[in-house]
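Colleague: generate coordinates for the sequence data below:
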Amino acid sequence: MRKSIYVLLLLLPCCAWAGDFDGVMQLAKRRVSWLVNNLAFKKMEACDKKEAFQLQTKNGKIMIAATGPNAAAVGLNWYLKYYCHRSMSHMGDNLSPVSSLPVVTEAVTIDAASQYRYALNYCTYNYTMSFYSWSDWEHELDWMALNGVNLMLVANGEEAVWQNVLRRTGFSEKETSDFITGPAYNAWWLMGNIEGWGGPMPQSQIDSRKILVQKMIARMQALGIEPVMPGFYGMVPHNFNTKSKARVITQGNWGAFIRPAILDPTDTAFDRVAGIFYEETKKLYGRNIRFFSGDPFHEGGITNGVNLGKAGANIQKAMQQYFPGAIWVLQGWQDNPKKELLAETDKSALLIQELFGENTNNWETRNGYEGTPFIWCCVNNFGERPGLNGKLERYAGEVYRAATGPFREYMKGVGIMPEGINNNPASYDLVLELGWHNQPVETGKWINDYVKARYGKANDQIATAWTLFLQTIYSNPGYQEGPPENILCARPALQVKSVSSWGKLKKGYDTALFEKGVQAFAAAAPLFGNSETYKIDLINFTRQVLSNRADTVFASLVTAYKEENTVAFNAAAEAFLSLHALTNELLNSHSYYRLTSYQQQALRSGNTPIERKNNLHNAMMLITYWGENNRQEDYLHEYAYKEWGGMMTTFYQQRWKLYFDYLRNNLAGKSVTPPDFFAWEREWVTQNEQVKSEVQPYPSLEKVVRKVLPLQTAHAQKKIGNETHEQKEKRMAWWTHDRFGMFIHWGLYSQAARHEWVKRWERMSNEQYQPYFDTFNPDMFDPKTWAKQAKAAGMKYAVLTTKHHEGFCLFDSKFTDYKSTKTKANRDLVKEFVDAFRAEGIRVGFYYSLIDWHHPDFTVDGVHPLQPKSEADSDYAKINKGRDWNKYKAYLHNQVRELLTNYGKIDILWLDFSYPNSNGHGKGKSDWGSVELLKMIRQLQPGIIVDNRLDLDEYSDGADFATPEQVKPSELQSEYGGMPFETCQTFSGSWGYFRDENSWKSNRELLTLLITAVSKSGNLILNVGPTARGYFDYRAVHALDSIGVWMKYNQQAIYGCTQAPAEYKAPENTLLTYNPVTKKIYLHLMQYDQSTLTLSGYKGKIKYAQFLHDNSEIKYQPVGDNTNDLQIKLPQKPNVEIPVIELTLQP
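Modeller: Coordinates of the predicted model:
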């Protein structure tokens, strides 16, 4: 059934793509679910046939008008990047919710400069994507769409096509299997370089790859991305002449590999085989394919006796016959495509990729490829080799030059064609964004915006670092195929010019200046401890520092050896090997850089033991000796080398150790045989075709960076008070024990019943908002009922909004009349809340908004309802004339003092929120007087716990807990800049009562949030928005009741629990919580779809197991004699939303 659905989608006409934005909305739900309820799309008409989008905030929603789904996705990305400072990449995502949605006051319209925005190289499918799962492809395609890719190579499901073609042309199953490569080598097979290597590919894998591509194409259609599929250009098995009398041109060897042959495109048999190929393509992948790639005779292909003009015309004719209107895509690389090949084609149906634009300008020297449409592309990376690289200034300059120069009529777009894409995200982001710029792009300004989006906020130290990176690693001049290489990874020798055969060791930039940039970048670590993108980049930059240092150490080693100075040689050798160890330690600090992560991906990709074994074999060959066993043609070793934790020491360091021992023997006058690296590398692959147990715990990134960089990186933070770590732990002990609280957002906005930011979204003045104050009368307000409902749900503390951004106070403040005691209610609602919740034994906390849209002295800024339409400073100055900020700041401090003085002991203070970088019109610590405010808070309530929204990140004691807001469970981290966290979540999409909202979370989703938070040592505070009459909406009551049922029987798995020790791994589809006092592990069964559960490494550690809800015993037993695993036999699923197994550990 599933397969037929994919095929049906593939058969849908392409015109169905236009105007259908459901695919983009689904993308938003996958990546930025926090935005979806405030996001809308609509169709706009194209002007001059150009794609375009428009952004504007309307009625509290960001409205994206677009010509089609791809432009809509770019519009979404534009808003995320330039307004929310959020981004997605192959090296970590920064997509956490923003505190408040930025408003786009005036409509912003962007027209596409490029007709085509292309992505991927055949090689990318192996150096990066050999073992991609559907989840990996979802991430990839979402990234492609957000970055405007509307044309993407699809090169991973051709095995099924070729299998059918060869069956129909007389090849046996064995002969067909011998032709098809393994999963890590299909790129070079499809390009006509090799056949069979890495195989055979099992039928199960051929079938699963076919289904994966069908899913990919269906998703691409929904996102407005057209596939570029392999076309038939004459490639056939090298022994095709045994099945046909047609003219077959032997192509010889590609290094040590036998190349497939070429069936002469001018031979009548070509039309027949091409017809079979396109018929099979159409059957499997649909009839709506417009683009086909294929490069006959490339990289030294033999053309003897071929009429190239007629060959090119016939290749194109066959495409057009079976796919009318098809466009033939060719690589502009070296002398490819040959002029003669294009001479008799219809050039309007060709598209040439200027493949290597960072170094070449063939589009210019060949006069726009002799009048052929082309796109400007960059490779940037070869073999997915590690390193920092990208000629950003050249990218921007060359694209603009090609688009405005004498051959501009043929310039149709931009593209990225890296051999590996898990590197240098700035390069790929820039090139693709150039497709949406009609004017020159100033890279310095672009980088500033890129950096804010990559890390989430502006920072002077990071800005300084990237300014230096733009002068060094991202400005490296001269011809170079990919980034400079790392001598630590070279096959040992005294004279090493490169690691791979076509690379270079030379760093074409000032390495000292680069290291200064890394030091500046590392200095920002205390402020970015919760940023995955920052941590991934810090490792990468620091890794490059070590690589650069290795060049100097190696030079001294060679000198010592030549001078026969054994002491100096041994010292240099030890220093060189220590760089391997330090690099290994650095890389192991994050799973992104570990060999085991890559190996596990290869294993997960396999559906059978045979597939998994061959996947791992393919994976390990590719990153070491690449392939084949011919010593005379050993040129590809290290072409795809990797700097990964686990590989730096076991492979590269060990290889150098062998060599240094050999050199020491030489220095000692002993005659010994040189190491046989050719054989040693193959033996290493054989020995590592299994995933080694990971070493725990992994090293601390901060500690490793300290070892590498001088301590001028200023990791030490300032302090406001003098509390010790032990004193802080004691103060917060109740909070880390209780784990679960209630948030209550209540104010005048409950009468509007359409979002707590309604005053902002609808740009209401105080006068327009006044009716809500005049009619506010919560006649059904009964805080005792609230408290009982919270207690029944298992909540241990509660936080009430004493004043939200609207400025209305629920307490009897002597500093304003804009308060509940001056309404028809005439009640101090805060006092009643405090009394009622304390009576139920629930701790109380206050939320207080730093913002106040009602106060006459609160200056209008970038989030104010009265924000001017332009961002000009003069417009802000005009509207703020007469407002006295110092008066408001005094008002703020006075009200906080009231709250902390008049209501007894307050347990939590939630201050909300700072936005210092809101396009230059925000507010932060200096505006609020945050340091003085926090000192006053601590003085008035010494035991209080305070959130992290005062903009005091530079102080180690500027907050007690982090507040990830509306974050998906999968995005929660166990550490936020050294602080514990409390994730704040709503039942639905808004905080205040929203009558017509339908996006309410299910009980399972709410429980998953709670369990996930505790499993990562965090808290959950779950929000209720009472109605204007003062009671909880029936949907909220139902949600609280449902949680309460689960908590009644499973609360031991929440209270007092935290993250499980690293030695205890959570099986797939489970979560672990751990009580360090009782020494019990709680196994939360998030999915209950199997009869057994394997606990890896638990053997000998468990004393007893039982279901928590009824204390019924759960049986378990060892898994074989040679493992440390236990297997649990699961009974029938109990009637519990998420069952929990309690594991009592051995004493």
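Colleague: my read: N389 touches S427, true?
Modeller: Yes - between N389 and S427 there is a contact at 7.4 Å, judged by C-beta atoms under 8 Å. Just so you know, the C-beta spots here come from the backbone N, C-alpha and C atoms, and that holds for glycine as well.
Colleague: who touches both of those two?
Modeller: Residues touching both N389 and S427 by C-beta atoms under 8 Å, 6 or more residues apart in numbering: 380, 474.
Colleague: any buried residues in stretch 285-297, and which?
Modeller: 285-286, 288-297 (16 or more other C-beta atoms under 10 Å).
Colleague: ditto for stretch 400-416
Modeller: 400-403, 407, 410-416.
Colleague: between those residues, which sits nearest K338?
Modeller: Checking these against K338 by C-beta to C-beta gives Y410 as the nearest, at 17.8 Å.
Colleague: who touches the closest one in this structure?
Modeller: With contact set as C-beta under 8 Å, 6+ apart, Y410 has these partners: 363, 368-369, 371-374.
Colleague: what number of residues lie near V863?
Modeller: 22 (other C-beta atoms under 10 Å).
Colleague: secondary structure element for the closest residue to it other than its chain neighbours?
Modeller: Once flanking residues are discounted, V863 sits nearest to S100: 5.6 Å by C-beta to C-beta, 6 or more residues apart in numbering. For S100, there is no host helix or strand (DSSP states H and E).
Colleague: pretty sure S100 sits against E756.
Modeller: No - look at S100 against E756 with C-beta under 8 Å: they stay out of range, at 10.6 Å.
Colleague: these two: which has the busier surroundings?
Modeller: Neighbour comparison, S100 and E756: the larger count goes to E756, with 24 against 18 (by other C-beta under 10 Å).
Colleague: so how far is L900 from the closest residue to the more buried one other than its chain neighbours?
Modeller: Once flanking residues are discounted, E756 sits nearest to G992: 3.2 Å by C-beta to C-beta, 6+ apart. Distance from G992 to L900, counting by C-beta to C-beta, to the nearest Å: 24 Å.
Colleague: who's more crowded, the two?
Modeller: Taking other C-beta under 10 Å, G992 and L900 do not tie; G992 has more neighbours (26 against 20).
Colleague: tell me how far the more buried one lies from Q751.
Modeller: Taking C-beta to C-beta, one finds G992 at 10 Å from Q751.
Colleague: just for the stretch 751-900 of the chain, where's the confidence low?
Modeller: Within the stretch 751-900 of the chain, no stretch has pLDDT under 70.
Colleague: kindly recompute the last result at 90.
Modeller: Scanning the stretch 751-900 of the chain with the threshold set as pLDDT under 90 gives 761, 862, 869-873.
Colleague: and the strands in it?
Modeller: 797-803, 843-849 (DSSP state E, counting those that start in this stretch).
Colleague: nearest to C47, out of those?
Modeller: Closest of the strands of the stretch 751-900 of the chain to C47 is strand 843-849, at 43.2 Å (criterion: C-beta to C-beta).
Colleague: so what are the sheet partners of the closest one and their directions?
Modeller: Sheet partners assigned to strand 843-849 using DSSP bridges are listed as strand 797-803 (parallel), strand 908-912 (parallel).
Colleague: buried deepest among the ones you listed, which one?
Modeller: Stretch with highest mean neighbour count among the strands paired with strand 843-849: strand 797-803 (a mean of 27; mean count of other C-beta atoms under 10 Å).
Colleague: run a quick neighbour tally on Q495.
Modeller: Neighbours of Q495 using other C-beta under 10 Å come to 5.
Colleague: now swap in G252 and tell me
Modeller: For G252, using other C-beta under 10 Å, the count is 12.
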